[in-house]
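Participant: Structure of the sequence below:
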Amino acid sequence: MSTPIVSPTGVIRTERGLSIAGTRITLYDVMDYLKADWPPSLIRQWLDLTEQQMADAMMYIEEHRAEVEAEYQQVLAYATEVRQYWDERNRDRFARIAGSPPPPGKEAIWAKIQARKAQLAQG
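Facilitator: Residues are numbered from 1 along each chain as shown. Just a heads-up that it's a prediction; the model follows:
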């Protein structure tokens, strides 16, 4: 395993991609929240980052917008492929589980869960 190179901005490239130095948090994690219109202060709190780490991440994203956005799109595409693979692989298993009877003694809660699922499916 190679040693990651730390940029002056506190962003490093690891085997996971562009990450915030001293954490396992990638810039793609930050991008997810930015794309969902979270304010940076809330992202910082949610990801348990220091003000400096968040400022470094935001500065790096801004200064390297095209590169970060391109890599982010690749990460999203790969995640979609992985999700589709596992959905397909587990489709029969999930169908079998969904069709099985509730565990003994859990019928009441099972009925509530099924009713809530039906409610969510309608609207």
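Participant: By residue count, which helix of the chain is the longest?
Facilitator: Longest helix in the chain by number of residues (criterion: DSSP state H): helix 65-99.
Participant: which residues touch whatever helix or strand comes next after it?
Facilitator: Next along the chain after helix 65-99, taking DSSP states H and E as the criterion, comes helix 107-122. Residues from elsewhere that reach helix 107-122 (Cβ atoms under 8 Å, 6 or more residues apart in numbering): Pro102, Pro103. Where you see a C-beta, it was placed from the backbone N, CA and C, and this is true even at glycine.
Participant: Just the buried positions in helix 107-122, please.
Facilitator: By neighbour count on 16 or more other Cβ atoms under 10 Å, the buried set for helix 107-122 is empty.
Participant: Averaged pLDDT, it. What do you get?
Facilitator: Average pLDDT, helix 107-122: 91.
Participant: where's Pro102 relative to Ala57, distance?
Facilitator: Remark: distance between Pro102 and Ala57 (Cβ to Cβ, to the nearest Å) = 46 Å.
Participant: Quick check, central residue of this structure?
Facilitator: In the chain, the centroid-proximal residue (Cα atoms, centre = their mean) is Asp29; its distance is 6.1 Å.
Participant: what's in contact with the strand or helix carrying Met58?
Facilitator: In this assignment (DSSP H and E), Met58 forms part of helix 51-63. Residues from elsewhere that reach helix 51-63, judged by Cβ under 8 Å, 6+ apart: 7, 9-11, 18, 20-23, 27, 30-31, 34, 40, 43-44, 49, 68.
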